[in-house]
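A.B. asks: need a structure here:
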Amino acid sequence: MDYISVFSQFGVTPNNTELYLLALTHPSCNSEKNTKHQDYEKLEFVGDSVIGFVSADLIYKLHKEMDQGLMSKLRSYLVCSKSLANYSRKYGFYKFIKIGHSITDEQLYKSDKILEDVFEALIGALYLDKGIDVAYKVIKKILYEDILNTGIDDIVDSKTRLQEEIQAEHREAVKYVLVGESGPAHDKTFEIEVLFNGLVLGKGKGKTKKAAEEAAAKDALSKRSV
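C.D. replies: Residues are numbered from 1 along each chain as shown. Next comes the predicted model:
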């Protein structure tokens, strides 16, 4: 297998194979060949925009319950550097990347930045080669399940959600109070209550105060939903 088959798993056969070769060429190759911009950087720019458009369209269609702010957070969560890098690993894109001698295969596989850039560049090449319809279908196959199965709880912490819900109705903020701690100094468990106007909304425990506060907020949200 070579770079020409990079999208074969999605049923795509390239027309302009040079685009895909460029998308898989790391800038480190330029210094060794004394070339300039014979790498994926410009294609990465195009791919980033295409991924942004398709992910926004899918989020809008699959999450009617979300407002604009939550949709933006979900898109940022799903197409962040680590996520796109993991897609490069999952679908084997990393196997085809051309790198200079200054980078080892192990460094390549561990580099979220390189793998993210290559993912975006490959989508840019796909768009330029096959058009938006094919690019949309491929991106949808990659992102669909993650977009569908990622909800508000995954992208917004409970403390933020609780505060936003409270402040939608009131100006006052909630208050977190430490009500107990147990265990030895090296392994303490903290117990926190979250209050609003003196009323206990929820309780939580955790190995850190921050974790206990998050648990208390989550408890409060579960009670509010009931």
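A.B. asks: what's the single longest helix in the protein?
C.D. replies: helix 41-62 (DSSP state H).
A.B. asks: Distance from the chain centre to it, please.
C.D. replies: Distance of helix 41-62 from the chain centroid (CA atoms, centre = their mean, to the nearest Å) equals 13 Å.
A.B. asks: So what touches it?
C.D. replies: With contact meaning CB atoms under 8 Å, 6 or more residues apart in numbering, helix 41-62 is reached by 19, 22-23, 27, 66, 71, 74-75, 78-79, 84, 117-128, 132, 135-136, 139-140, 143-144, 147-148. The way it works is simple: take the backbone N, C-alpha and C, and place the C-beta from them, glycine included.
A.B. asks: Distance check, the residue most central in space within the chain against I147.
C.D. replies: For the chain, the residue nearest the mean C-alpha position is L78 (3.1 Å; CA atoms, centre = their mean). Separation of L78 from I147 (CB to CB, to the nearest Å): 6 Å.
A.B. asks: ok, and the helix or strand in this structure with the lowest average confidence?
C.D. replies: Lowest on mean pLDDT, DSSP states H and E among the helices and strands of the chain sits helix 28-33, with a mean of 68.
A.B. asks: which residues touch the closest residue to F196 other than its chain neighbours?
C.D. replies: Nearest residue to F196 in three dimensions, chain neighbours excluded: V174, at 4.9 Å (CB to CB, 6 or more residues apart in numbering). With contact taken as CB under 8 Å, 6+ apart, V174 is in contact with L162, Q163, I166, V194, L195, F196, L201, A217, A220.
A.B. asks: what's the span of stretch 182-193 from first residue to last?
C.D. replies: End-to-end distance of stretch 182-193: 15 Å, with CA to CA, to the nearest Å as the criterion.
A.B. asks: Which of the residues in that stretch are classified as buried?
C.D. replies: Using 16 or more other CB atoms under 10 Å as the test for burial, stretch 182-193 gives F190, E191, I192, E193.
A.B. asks: before we move on, back to that, put the buried members of the contacts of V174 into a PyMOL selection.
C.D. replies: In PyMOL, this line selects whichever of these come out buried by 16+ other CB under 10 Å:
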select buried, resi 162+166+194+196+201+217+220
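A.B. asks: Of all pairs in the contacts of V174, which one is the farthest apart?
C.D. replies: Using CB to CB, the pair of these lying farthest apart is Q163 and L195, separated by 12.8 Å.
A.B. asks: any chance of the buried residues of stretch 182-193 in a markdown table, plus distance to Q107 and secondary structure?
C.D. replies: Output for the buried residues of stretch 182-193, formatted as a markdown table (distance: CB to CB, whole Å; DSSP: H, G, I helix; E, B strand; the rest coil):
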| residue | distance to Q107 | secondary structure |
| --- | --- | --- |
| F190 | 40 | strand |
| E191 | 45 | strand |
| I192 | 42 | strand |
| E193 | 48 | strand |
